[in-house]
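# Can you look at this prediction? I've put the sequence above it.
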Amino acid sequence: MNTATSQIAITDLHPSPDDILGDVLAGLSGKPKRLPSKYFYDRRGSELFELITRQPEYYPTRVELALIADSGLEMAAAVGPHAHVVEYGSGSGRKTRLLLDALVDPVAYTPVEISRSALLASVERLDREFDKVEVLPVCADFTQPLALPEPANPAERVLLFFPGSTLGNFTHDESVRLLLAMRETMGEHGSALIGIDLQKSPELLVAAYNDAAGVTAEFTLNLLARLNREVGSDFDLDGFAHRAVYEPAVGRIETFLDSLSDQVVRVQGRQFAFAAGEAMQVEYSHKYTDASFNELAARAGLEVARSWNDPRDWFGLRLLQRT
């Protein structure tokens, strides 16, 4: 588009403070206590995640970028021309550039971001680079079915792009619900290109979520800073510590914020007691095999049409279509 970024209309379906508060109160009332990882991504959280992707221990972004660069033309052929590309969690846009370059005459691009600031930054970058692709951003929680903006030029198909292994941040039941929502959003002739982190050495996995520079720890603790600002909680950021471990029985990294002392956190007049050493779960990061991912897809009425892995089988991209 040649339109100035400031003139691009954003469809704003962003969760309200009441939505966030309800999720936080429900999570802190549970046993064990939990906080939703989807709220990591305010402005600072998005900046910190971009820094995480550049840490030497964090392999997924580097490997996925190389995979799209190497196999982008095959992916484009499998998708087909004149697609409306809808990206869930658009982030920095590095992967998006590679995909849009490879696709044949994409009609429109809709980034879907829960962070309005990250969405605006992504739109500004990509609008400058792809002047023939209509940009139709949506600020929303993508875990629900989306009514997509209509491009000025009709698209032949919808391609949902969900890179970065974010699907692994959900429980299996939550993943099925998300895939069902994607199935509805993509329509009868659409498809979804999804990144999945594959099973590998536990040492590699643990290092990726506990980088030596401490960026991931800062990213995790920033969730508490956001909640203090947006829902009036009083989390002491110095009173919690980041910890990520691999649980082989369930094939996932589990990330916690551990309470460093006996303490009480207040949220909108309610009090939540933490014991010293008590772990509050903030994120899952599932690692898949072909069998486990195919089973998830099948539960949502989807099947894997094409598969791409990097040469070491560390990371994969899967093209899903309706069964």
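Arrived safely.

# Can you verify my assumption that T166 contacts Y88?
Yes. Contact status for T166 versus Y88: in contact at 7.2 Å, counting by Cβ atoms under 8 Å. In this view, the C-beta of every residue, glycine as well, is placed from N, C-alpha and C.

# for the stretch 1-150 of the chain, what are the low-confidence residue spans?
Across the stretch 1-150 of the chain, the ranges flagged by pLDDT under 70 are 1-17, 91-92, 126-127.

# Walking through it, point out its strands one by one.
Counting by DSSP state E, counting those that start in this stretch, residue ranges of the strands within the stretch 1-150 of the chain are 11-13, 83-88, 108-113, 134-135, 138-140.

# Quick one, which of those strands gets closest to R312.
R312 lies closest, by Cβ to Cβ, to one member of the strands of the stretch 1-150 of the chain: strand 83-88, at 25.7 Å.

# what's the neighbour count on the residue nearest to K38 when sequence neighbours are not counted?
Of all residues not flanking K38 in the chain, I114 sits nearest, at 6.1 Å (Cβ to Cβ, 6 or more residues apart in numbering). Residues contacting I114 under the criterion other Cβ atoms under 10 Å number 23.

# ok, I114 - contacts?
Residues in contact with I114, defined by Cβ atoms under 8 Å, 6 or more residues apart in numbering, are H14, P15, K38, Y39, Y41, G89, C139, A140, D141, F142.

# Phi, psi for it please.
Taking degrees, to the nearest 10, you get phi -80, psi -20 for the backbone angles of I114.

# ditto for L320
When read as degrees, to the nearest 10, the backbone of L320 gives phi -100, psi 140.

# distance of it from A300?
Here the distance between L320 and A300 works out to 9 Å (Cβ to Cβ, to the nearest Å).

# Look at those two and report which has more neighbours.
For L320 against A300, the residue with the higher neighbour count under other Cβ under 10 Å is L320, and the figures read 27 against 20.

# So the more buried one versus K287, what's the distance?
Between L320 and K287 the distance, using Cβ to Cβ, works out to 18 Å.

# gap between the residue nearest to R54 when sequence neighbours are not counted and F293?
What sits nearest to R54 in space, not counting adjacent residues and going by Cβ to Cβ, 6+ apart, is T61, at 7.7 Å. Separation of T61 from F293 (Cβ to Cβ) stands at 19 Å.

# cool, and K38?
K38 sits 21 Å away from F293, going by Cβ to Cβ.

# the more surrounded of the two?
Residue environment comparison for K38 versus F293 gives the larger neighbour count to F293, 22 against 19, counting by other Cβ under 10 Å.

# so how far is R94 from the more buried one?
As it turns out, when the distance is counted by Cβ to Cβ, F293 lies 24 Å from R94.

# Could you count how many residues lie near H84?
H84, neighbours per other Cβ under 10 Å, totals 27.

# pretty sure it is touching F161, no?
No. Contact status for H84 versus F161: not in contact, 10.8 Å apart, counting by Cβ under 8 Å.

# Phi, psi for the residue lying closest to Q199 once chain neighbours are set aside please.
Setting aside the residues directly before and after it, Q199 is nearest to K287 in space (Cβ to Cβ, 6+ apart), at 4.8 Å. Reported as degrees, to the nearest 10, the phi and psi values for K287 are phi -120, psi 130.

# so K287 sits right up against L204, yeah?
No. With contact defined as Cβ under 8 Å, K287 and L204 do not form a contacting pair (10.2 Å).

# Who has more neighbours out of those two?
More neighbours surround K287 than the other of K287 and L204, with 22 against 12 (other Cβ under 10 Å).

# Now do the strands in the stretch 201-323 of the chain.
Per DSSP E, counting those that start in this stretch, the stretch 201-323 of the chain has strands spanning 240-247, 252-259, 263-267, 270-274, 279-286, 302-309, 315-322. These are given in chain order.

# Partner strands of the last one and their direction?
When pairing is defined by DSSP bridges, strand 315-322 lines up against strand 191-197 (antiparallel), strand 302-309 (antiparallel).

# Just the residues contacting stretch 61-75, thanks.
Judged by Cβ under 8 Å, 6+ apart, the contacts made with stretch 61-75 from elsewhere in the structure are 53-54, 94-95, 98-99, 101-102, 163-165, 193, 195, 306, 308-310, 312, 314-317, 319.

# For ChimeraX, what selects the buried ones among those residues?
Burial among the contacts of stretch 61-75 is assessed by 16 or more other Cβ atoms under 10 Å; the matching ChimeraX selection reads:
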select :53,95,98,99,102,163,164,165,193,195,306,308,309,310,314,315,316,317,319
